[in-house]
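Asker: just need the structure, nothing else, for what follows:
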Amino acid sequence: MSRATLHFAVAFLLGAAAVLGFAPFQLFPLPILALAALAWLWRQASPRRAASLGFAFGAGLFLAGVSWVYVSLHVFGGMPPLLAGLAAFLFCCLLALFPALAGFLFARLRRDRVWTDALLAAAAWTLTEWLRGWVLTGFPWLAFGYAQTPPSPLAGFAPVLGVYGVGFVAALIAVLAGLTFGERRHWLQTGVAIVALLAVGAGLMRIEWTQPAGRPLSVSLLQGNIEQSLKWKPERLQQSLDTYLRLARAHPAQLIVLPETALPLMLDQLPRDYVAELRRPALALAGNVLLGIAAQDAQGRYYNSAVTFSANGPQTYSKQHLVPFGEFTPPAFAWTMALLKIPMSNFTPGAAVQPPLAIAGEKVAVNICYEDVFGEEVIRALPEATLLVNLSNTAWFGDSLAQPQHLQIAQMRALETGRFMLRATNTGMTAIVNPRGRVERMLPPFGEGVLLGEVSGYGGATPYVRWGNAAVLLLVVAGLAGPLLGLRRSAH
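Answerer: Next up, the predicted model:
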């Protein structure tokens with residue numbers, strides 16, 4: 001085996017090992033250590049070699065970490081196994097191009113000065129993660145900042161810089177360690193810098209960026225555990241209706257939340273007497289119900305929506321960031337629908353900015369399933385919103401890493417916004433996450449149940465709510481500016 005092949009294999013294994021830093025394993029130092037080792041491999045690599053090592057790292061990370069895409073395509077989407085496996089493999093290879101770009105940028109622009117190169121590598125890594133969350137509608141899953149939810153001390157940077165800022169700091173620590181490994185003259189400076197960054201993160205976690213507003217609210221999060229393969233069968237409709245009505249009646253609260261598309265009907269098909277009975281347990285406590293259901297407008301377009309009912313008519317939030325293929329078909333890809341058997345897979349996106357829903361004295365910012373992956377979109381409803389609620393149906397991903405990974409993403413959104421995040425899901429993981437990013441309560445997945453709790457609405461705004469990703473992007477620009485100017489001068 002040649003040295004180049006060995007390094008490629010090592011980079012692949014490092015990427016796969018980094019997955020252990022994310023939920024459910026949460027060995028949060030591992031992604032930093034893995035990236036440090038990759039930076040060590042990058043030190044003397046040519047741009048082409050660094051790109052190939054970055055690709056190998058990304059391939060290991062995504063093939064190990066998002067293999068659940070195969071489950072969605074084959075088990076629940078009905079795609080033939082070989083084709084689903086090939087599609088999942090190519091998808092992961094596409095994602096691996098982003099770490100490859102980070103490696104190329106670092107090797108092309110490095111100045112052989114430790115601090116300049118460390119900032120450059122952290123900036124390149126963060127830039128490519130941000131691009132991955134934006135290009136082709138975005139897939140920011142396994143962004144390195146997500147591994148640093150509590151108890152990681154770096155979680156303190158989340159309310160200030162968001163998940164990409166946390167990733168920037170984690171990458172900076174990793175690259176400093178990787179670039180100076182084996183060089184004693186830099187050990188002291190590197191050690192002091194790393195300890196300082198960890199201390200700052202721990203200190204930021206002690207700051208109360210937001211404050212409770214109003215009285216505590218009782219909540220009841222319903223997990224119906226309706227099997228995905230049976231949910232849309234007409235003969236099973238009554239089972240869904242009966243299950244959620246029974247759970248709501250048995251567990252009253254001021255806010256009763258049903259998951260995404262909990263009832264396999266259009267909103268205008270719901271019997272009025274059923275809606276009245278579903279609301280009754282919450283109305284008795286001066287509250288209301290929040291229901292995930294498809295809604296159709298006068299033009300025949302339909303939306304993946306969340307609805308709460310009042311005397312003046314329904315208040316509705318419609319999902320605006322749709323999942324390609326699962327919820328809409330990208331142009332030129334209509335042929336794929338012949339291979340997939342996904343009901344309700346041609347939604348219309350809702351408006352980019354929608355007001356919070358007024359429920360039981362709170363302003364509720366709703367996000368549906370995959371939408372909570374996009375922090376810069378969640379904060380559009382803030383600081384007006386006092387509470388975050390996510391409605392999900394992750395049954396599409398089976399008993400896979402997608403379930404705990406998605407919950408960890410919700411933890412990051414709670415940290416960034418300084419708000420409670422409530423998750424009501426069909427099969428898991430239904431949970432209450434506090435504004436410190438910690439899971440207070442959670443239902444066991446893949447079982448019928450109800451999660452009862454008491455939460456407070458929060459007011460105020462974290463720095464991230466005010467700045468969004470602008471602050472971390474300024475850090476990225478600063479990290480790239482010096483090397484780019486140096487490259488321009490050397491070209492002359």
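Asker: for residue 307, helix, strand, or coil?
Answerer: Classification of residue 307 by DSSP: H, G, I helix; E, B strand; the rest coil places it in strand.
Asker: okay, and the beta partners of it?
Answerer: For residue 307, the beta-bridge partners are residue 291, residue 316 (DSSP bridges).
Asker: quick one: contacts for it?
Answerer: Going by C-beta atoms under 8 Å, 6 or more residues apart in numbering, residue 307 touches 267, 290-291, 293, 295, 314-317. C-betas here are computed from N, CA, C, even on glycine.
Asker: quick one: contacts for residue 289?
Answerer: Per C-beta under 8 Å, 6+ apart, neighbours of residue 289: 248, 255-258, 278-279, 282, 308-309.
Asker: wasn't it part of a strand?
Answerer: Yes. Under three-state DSSP, residue 289 falls within a strand.
Asker: I'd like the contacts of residue 307 as CSV, with neighbour count and pLDDT appended.
Answerer: CSV is the format used below for those (neighbours: other C-beta atoms under 10 Å; pLDDT from 0 to 100):
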residue, neighbour count, pLDDT
267, 18, 93
290, 28, 98
291, 29, 97
293, 24, 95
295, 20, 93
314, 15, 91
315, 20, 95
316, 18, 96
317, 29, 97
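Asker: hang on, the earlier thing: which one of the contacts of residue 289 has the most neighbours?
Answerer: residue 256 (32 neighbours; other C-beta atoms under 10 Å).
Asker: show me what it is bridged to.
Answerer: residue 220, residue 289.
Asker: quick check, nearest of the contacts of residue 307 to residue 215?
Answerer: Residue 215 lies nearest to residue 290 out of those, by C-beta to C-beta, at 18.5 Å.
Asker: quick one: residues contacting the closest one.
Answerer: Applying C-beta under 8 Å, 6+ apart, the residues contacting residue 290 are 255-258, 306-308, 357, 359, 364, 366, 389, 391, 424.
Asker: try 10 Å this time
Answerer: Residue 290 makes contacts with 219, 221, 255-259, 282, 306-309, 315, 317, 357, 359-360, 364, 366, 389, 391, 422, 424, as judged by C-beta atoms under 10 Å, 6 or more residues apart in numbering.
Asker: and the gap between residue 2 and residue 64?
Answerer: 24 Å (C-beta to C-beta, to the nearest Å).
Asker: again, but for residue 158
Answerer: 25 Å.
Asker: where does the stretch 201-350 of the chain have low pLDDT?
Answerer: The model of the stretch 201-350 of the chain has pLDDT under 70 over residues 229-230, 325-345.
Asker: spell out, range by range, the helices that occur in it.
Answerer: Counting by DSSP state H, counting those that start in this stretch, the stretch 201-350 of the chain has these helices, from start to end: 228-231, 237-250, 272-283.
Asker: switch those over to a markdown table; also include distance to residue 42.
Answerer: A markdown table is the format used below for the helices of the stretch 201-350 of the chain (distance: least, C-beta to C-beta, whole Å):
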| stretch | distance to residue 42 |
| --- | --- |
| helix 228-231 | 42 |
| helix 237-250 | 52 |
| helix 272-283 | 56 |
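Asker: quick revisit: identify, from the contacts of residue 289, the entry nearest to residue 89.
Answerer: residue 258 (35.9 Å).
Asker: state the distance from the closest one to residue 388.
Answerer: 16 Å.
Asker: ok, residue 314 touching residue 305?
Answerer: Yes. Contact criterion C-beta atoms under 10 Å: residue 314 and residue 305 qualify, at 9.2 Å.
Asker: list residues touching both of those two?
Answerer: In contact with both residue 314 and residue 305: 267, 291, 293, 295, using C-beta under 10 Å, 6+ apart.
Asker: farthest-separated two in those?
Answerer: Once C-beta to C-beta is applied, the shared contacts of residue 314 and residue 305 give 291 and 295 as the farthest pair, at 10.3 Å.
Asker: what's the overlap in contacts for those two?
Answerer: Listed as contacting both residue 291 and residue 295 by C-beta under 10 Å, 6+ apart are 267, 305-307, 314.
Asker: could you dump the shared contacts of residue 314 and residue 305 to JSON lines with distance to residue 476?
Answerer: Listed next are the shared contacts of residue 314 and residue 305 as JSON lines, based on distance: C-beta to C-beta, whole Å:
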{"residue": "267", "distance to residue 476": "43"}
{"residue": "291", "distance to residue 476": "41"}
{"residue": "293", "distance to residue 476": "40"}
{"residue": "295", "distance to residue 476": "39"}
